[in-house]
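Trainee: Model the structure of this input:
(3 chains)
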Amino acid sequence: MRLEDMTVTLRPRQPWEAVDLGCAMVRRDFGRLMALWASTVLPLWIVVCVIFRDMPVWIPLVVWWLKPLYDRVPLFFLSRAAFGVRPGFAETWRAWPRLMFTNFLPALLWRRFSFIRSFALPAQLLEGLRGAAANQRVKTLAMEGGGSGASLTFAFSSIELFLWLGLMSGTYDLLPEAATPDWFGIFQAFDFENTIPAGFLWWGAGCHMVIITLIEPFYVGAGFALYLNSRTHLEGWDVELAFRRMATRLTAAAALLIAVLFVFGIQSPAQAVAGDGAAKVVREVLKDPEFEIHKVKTQRWKPDFPEKKEDDKSDTPYLTAVGDISQVLFWMIVVGLVTWLVVYLVKNRHLFISRGVSKAKVQAPKVLMGMNITRESLPDDIVAAARAAWAAGDVKEALSLLYRGSLSWLVTRRRVPITDSDTEEDCLMHVVGAGQQVEADYFRHLTGAWVQVAYACLPTSDAEMNVLCDQWPFVEKGGAA
Amino acid sequence: MLAARADTLQSVELADGVEIQLRVAGPAVRSMAYTIDLLIRVGIDIGSALLAYWFLPGMIGEEMTNGLLLLFIFFMEWFYNVLFEAGPRGATPGQKSMGLRVMSVTGGPVTLAQAVMRNFLRVVDFMPAFYLTGIVCMLFTKRFQRLGDLVANTVVTYADPPPAITPNVEVRAPRRAPPQVLTREEQSALLQFMERAPLWADERRIELATLAEPLTQAPGMEGLRRLCGMALWLQEPEEKRGTPPPVKGAPLFRS
Amino acid sequence: MTPAQFEKHIEPRWQKLEKLLTDVEKSQPAADVDELPATFRQVCHDLSVAQHRMSPQRLTQRLNALAIRGYRVLERRSSGGWESFVRLLLVEFPQGVRAEAKLFWWCTALFYVPAVVMAALTPSHPEWAMALLGPDGMAQIEGMYGEDSSPGEFMRDKFGSNFAMFCFYIWNNVSINFKTFAGGMLGGVGSLAALLFNSLFLGAVAGYVHYSGNPPTLYSFVAGHSAPELTGLVISAMAGMRLGLSVLRPGRLERRAALVLAGRKALPLLIGAATLTCIAAVIEGFWSAQNFAPAIKYTFGAINWLLLAAFLFFSGRGQAHAA
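Mentor: Numbers count the residues shown, from 1 in each chain, chains lettered A, B, ... in the order given. All right, here's what the predicted structure looks like:
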């Protein structure tokens, strides 16, 4: 873990902006988070489902109640990912028992209904405080951002509820007949036992789990970011980290434990002042041989469910030949559909895998109107080269450099659909059609000048050439011209 | 630097080459704004229905009233957001109350065409129900855009600048050059420290200054003094001539 | 220049900009409003300097907000009001349809072919139409266009009911247009589904009336508004397909850019389609239910088709294409 590898920008923010930062952090690592989630939360859910297999009504409630347990793994991951260390399976699993059982009873009992659950969790879990000290600490932090923590909880629980309903109503039509409840009967007789089939309840519970899987990491991330923001406001944590980074650079120290970073030094002011600052403490801590750079090992997790043995012979003795044939037909259709779907997905994979593939497909023209417009054929600094040619009196060469350079940029970067049979006028129309106002204006100007020089042999004025060079828009943002 | 740091600011280069930063807003705050708008809209619909049925049927007949109400509801459903967002404020009442505003990705105001596009496509974002598609799309795009935003090329941003949190305080410390060459980031940290130090307790200031001991070579109060001196030096390397400016605000050091 | 001096030095500029912007936003421009662009550029310059010098956040954030505000004011275009709307309808809309003629004909075929097939099959195989219409639909059709009905029966006798029906058609049909368009975002699937469903339903109604009703009642009722209404639906589906195709085949553009471009192209189509549907609602509300001889109604319908075709083919030709 090196402090230079911080992957989050800390700065005092407005509360809702901090929430958005949390969402951005989660989005960046959503894949890994999902993998960890699947390996730690799914087993728990399977246990819950097995226990409540006869009463599926209760599953959503229990799954909802146990939420504080799920929060810990994403938080563990995010708190480390913020410093550029993304824990793998082995590390997470090693930490898992500790994560689960820290403050586990209060979290499930009287803290379950805390409005600042995700905001308070980092203080309880990462700072290593317990009991009254932890409560005091949460109270202090909540002075800045506590209210936002509550609005955050409100916003995310409503989002979760409505997405759950949305997913259920979206997939309702896919339910088999046997699993759809008799809505009419429910309102007629208020007889929930017999009118709501178990299949419906299981399906509802499943949708609930899907939505929790999707939303809960974002909720945790948002709470974490709000916590970081609160510390930034109250304690200048961003400055503290920057100073620590500077100290490590100047003293050539190597590594620091994340757990140390989250600990808040000034908890007991006497110790902070008497202890001659945290830097010394840290330096002493660092001498300990335990604190070496951790290696991150990624192991692939293979699902290892026992295979179900299906005993399908018992209920098939009455199947006639017709039934057999129709079954064969049915499976053929299913296999055919699946094959088609797979082929379709593979063929259109550019729809799902963004950019990478579609980029490879582009075949930009290399030669336009008899001019080579590949990037390799052009000098590195086109404008400078053009100015040089201009100074040497080679008007045509100067303008051709600019023109080729701009075409090269437009075709490769902006992917303007120019083909090798297009004329200057066609190119201009395509560029205008691509919708980049500034570049289109410039390109129109340039095309005019180029056409005059190339075909009419009318010279360009010094002033115009200067303008063309000065306004050159085809550069990487932030790069030098 | 290994990876880009996560941030919610989006840098946009304006047509004249100036870089501004848009503070894009995410799904949580936007769903709150949407809820407020929904309540307002439903309230207006119900209110106007009550009002219309109270006195219109006597004047123009029941059928006409039904028709007018249908037209009104149609209008509210499709054009409530469009009109507010394309207006001078660029925000619906709900968005305004949450401090939000719709903008073009290029940093300019939203045109009528863009407003129409992003709001008519709400239908897809709503699918299959309750904005499932829209919220998922927002969570997984860099600028928190739903499908309608993607097509219309718009973003929702925070409208007001954040309130200034730091008082303007004159720091009194002897100016001194840092003994080592500092990176840009470290310079920025020093300046940040000096800017925000008035917000923290004395102990915290000293503690932070002590963290920078490798630079200041002095612990405690002396370290703090030196650190502030270096920050002042970063602000203006050469001594000012003439009389020192009058002291404004509270002094940083209590002695 | 020291930071404090810098701050003091630029303060009058941004205060001036702030004042100018406030004036303009209240639409009471002061006399010195001409200086707004120059002041804006100066403040933008100050912003870059402040960012480079790592000035205090309160300064950079304020300047950033001011720059955004100024850019909003400077970039605001007057939308041109009614003139640009009329141009959109009369020029850009038919031009847009012609520019995508292939897509238009595909959508037209996808709409009319299934309808005709359905209508032709129903008299001999009514069960499909029956399944599509459902018992309620069948009862309704028999009530309206049943064997004992006659073309003149549609007079709405209650005062204002024509107007009420007009409003209902606007509310219902234009919403369907918008939804058909939006469905195109899903790779065109939504628009196609809406197009096919409406097509089959239309065919089923026509076929069912042939099977167990009095066709002239139906045809004389729908003749007048058929042209704008059906074309409106086809074109809104076409606008949706424009979006969907840009998702499926962005060509050489990035998918996001292709989507934005397609959105710009689809907008005139959508607005035109909605306008056609509104015209259809006017006709359907105030004309179609009048007690005229069927021959007059058929003639009126035919004229509408001709007018519409002429409009789509000729309107806006020779005008410059919208950039």
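Trainee: Might you enumerate the residues of chain C proximal to chain A?
Mentor: By C-beta under 8 Å from any C-beta of the partner chain, the residues of chain C that approach chain A are C:57, C:187, C:247-248, C:250-255, C:257, C:260-261, C:264, C:323. Bear in mind the C-beta positions are built from the backbone N, C-alpha and C, glycine included.
Trainee: doesn't residue B:101 fall inside a strand?
Mentor: Yes. Per DSSP: H, G, I helix; E, B strand; the rest coil, residue B:101 lies within a strand segment.
Trainee: If you tally nearby residues, what's the number for it?
Mentor: Neighbours of residue B:101 under the rule other C-beta atoms under 10 Å in any protein chain shown: 23.
Trainee: Just give the closest residue to it, not the sequence neighbours.
Mentor: The shortest distance from residue B:101 to any residue other than its chain neighbours is 3.9 Å, reached at residue B:159 (C-beta to C-beta, 6 or more residues apart in numbering or on different chains).
Trainee: neighbours around that neighbour, how many?
Mentor: Residues contacting residue B:159 under the criterion other C-beta under 10 Å number 21.
Trainee: What does it show for phi and psi?
Mentor: Per-residue torsions, residue B:159: phi -80, psi -50 (degrees, to the nearest 10).
Trainee: which ones are touching it?
Mentor: B:90-91, B:96, B:99-101 (C-beta atoms under 8 Å, 6 or more residues apart in numbering or on different chains).
Trainee: Can you check the pLDDT for residue 280?
Mentor: Answering for chain A, as no chain was given. What the model reports as pLDDT for residue A:280 is 47.
Trainee: Sorry, I should have been clearer: chain C.
Mentor: pLDDT, residue C:280: 93.
Trainee: which stretches of the chain have low pLDDT?
Mentor: Since you didn't name a chain, this refers to chain A. Within chain A, the stretches with pLDDT under 70 are A:1-4, A:189-194, A:253-261, A:263-324, A:326-327, A:348-363, A:476-481.
Trainee: The intended chain is chain C.
Mentor: The low-confidence ranges in chain C, as defined by pLDDT under 70, are C:1-2, C:78-81, C:151-160, C:320-323.
Trainee: quick one, helices of it?
Mentor: C:3-25, C:36-52, C:57-75, C:81-87, C:93-99, C:101-121, C:126-145, C:161-169, C:175-183, C:189-212, C:215-248, C:255-286, C:294-314 (DSSP state H).
Trainee: Tabulate those helices (a markdown table), appending distance to residue A:66.
Mentor: Listed next are those as a markdown table, based on distance: least, C-beta to C-beta, whole Å:
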| stretch | distance to residue A:66 |
| --- | --- |
| helix C:3-25 | 52 |
| helix C:36-52 | 47 |
| helix C:57-75 | 42 |
| helix C:81-87 | 57 |
| helix C:93-99 | 55 |
| helix C:101-121 | 51 |
| helix C:126-145 | 45 |
| helix C:161-169 | 51 |
| helix C:175-183 | 39 |
| helix C:189-212 | 38 |
| helix C:215-248 | 39 |
| helix C:255-286 | 40 |
| helix C:294-314 | 62 |
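Trainee: and of those, who's closest to residue A:405?
Mentor: The closest of the helices of chain C to residue A:405 is helix C:255-286. By C-beta to C-beta, the value is 21.5 Å.
Trainee: Would you mark the buried spots in the closest one?
Mentor: Within helix C:255-286, the residues that count as buried by 16 or more other C-beta atoms under 10 Å in any protein chain shown are C:255-281, C:283-285.
Trainee: Show me which of the contacts of residue B:159 is closest to chain A.
Mentor: Nearest to chain A among the contacts of residue B:159, counting by C-beta to the nearest C-beta, is residue B:99 at 8.0 Å.
Trainee: mind listing the helices for the stretch 101-250 of chain B?
Mentor: Ranges of helices in the stretch 101-250 of chain B, per DSSP state H, counting those that start in this stretch, are B:112-120, B:122-126, B:132-139, B:147-152, B:184-196, B:202-211, B:213-216, B:220-235.
Trainee: which of the ones you listed sits most buried?
Mentor: Highest mean neighbour count among the helices of the stretch 101-250 of chain B (mean count of other C-beta atoms under 10 Å in any protein chain shown): helix B:147-152, with a mean of 26.
Trainee: And stretch A:74-87, how far out from the chain middle?
Mentor: Mean-position distance between stretch A:74-87 and its chain equals 13 Å (C-alpha atoms, centre = their mean, to the nearest Å).
Trainee: at contact distance from chain B, anything in that stretch?
Mentor: Yes. Using C-beta under 8 Å from any C-beta, stretch A:74-87 reaches chain B at residue A:84.
Trainee: tally of neighbours for the residue of the stretch 151-300 of chain A found nearest chain C?
Mentor: Nearest residue of the stretch 151-300 of chain A to chain C, counting by C-beta to the nearest C-beta: residue A:238, 11.6 Å away. Residue A:238 has 24 neighbours, counted by other C-beta under 10 Å.
Trainee: Would you indicate which residues of the strand or helix carrying it are buried?
Mentor: Using DSSP states H and E, the element containing residue A:238 is helix A:237-251. Neighbour-count burial for helix A:237-251, counted by 16+ other C-beta under 10 Å, picks out A:237-250.
Trainee: List the contacts of the residue most central in space within chain B.
Mentor: By C-alpha atoms, centre = their mean, the mean C-alpha position of chain B lies nearest to residue B:158, the distance being 3.3 Å. Neighbour list for residue B:158: A:14, A:16-17, B:23, B:25, B:99-101 [criterion: C-beta under 8 Å, 6+ apart].
Trainee: What parts of the stretch 101-250 of chain B come near chain C?
Mentor: Within the stretch 101-250 of chain B, the positions lying close to chain C (C-beta under 8 Å from any C-beta) are B:103, B:107-109, B:111-113, B:116-117, B:120-124, B:127, B:147, B:150-153, B:160-162, B:164-166, B:168, B:184, B:187-188, B:191, B:195, B:235-236, B:240, B:245.
Trainee: what residues go with each domain of the chain?
Mentor: I went with chain A, as the question did not name one. Listed domain ranges for chain A are A:3-287, A:366-470 (source: automatic domain parsing).
Trainee: nope, chain C
Mentor: Taking automatic domain parsing as the criterion, chain C consists of the domains C:3-75, C:82-314.
Trainee: just so I know, which of those domains lies nearest residue B:217?
Mentor: Taking C-beta to C-beta, domain C:3-75 is the member of the domains of chain C nearest to residue B:217, at 24.1 Å.
Trainee: from the chain's centre, how far out does the closest one sit?
Mentor: How far domain C:3-75 lies from its chain's middle: 39 Å, per C-alpha atoms, centre = their mean.
Trainee: for stretch A:125-141, same thing?
Mentor: Chain-centre distance of stretch A:125-141: 29 Å, with C-alpha atoms, centre = their mean.
Trainee: Give the other helices and strands that the longest helix along chain B contacts.
Mentor: If you go by DSSP H, chain B has its longest helix at helix B:27-60. Contact analysis of helix B:27-60 by 3 or more C-beta pairs under 8 Å, 6 or more residues apart in numbering or on different chains; DSSP states H and E lists helix A:15-28, helix A:146-171, helix B:62-86, helix B:93-97, strand B:100-104, helix B:132-139 as its packing neighbours.
Trainee: burial of residue C:28, as a residue count?
Mentor: By the criterion of other C-beta under 10 Å, residue C:28 has 9 neighbours.
Trainee: any idea how far it is from residue C:34?
Mentor: Look at residue C:28 and residue C:34: by C-beta to C-beta, to the nearest Å, they are 15 Å apart.
Trainee: do the same with residue A:433
Mentor: Computed as C-beta to C-beta, the residue A:433 to residue C:34 distance reads 35 Å.
Trainee: ditto for residue C:19
Mentor: Distance of residue C:19 to residue C:34, given as C-beta to C-beta: 14 Å.
Trainee: These two: who's more crowded?
Mentor: Comparing residue C:19 with residue C:34 by other C-beta under 10 Å, the one with more neighbours is residue C:19, at 13 against 10.
Trainee: Tell me who's in contact with that one.
Mentor: Counting by C-beta under 8 Å, 6+ apart, residue C:19 touches residue C:30.
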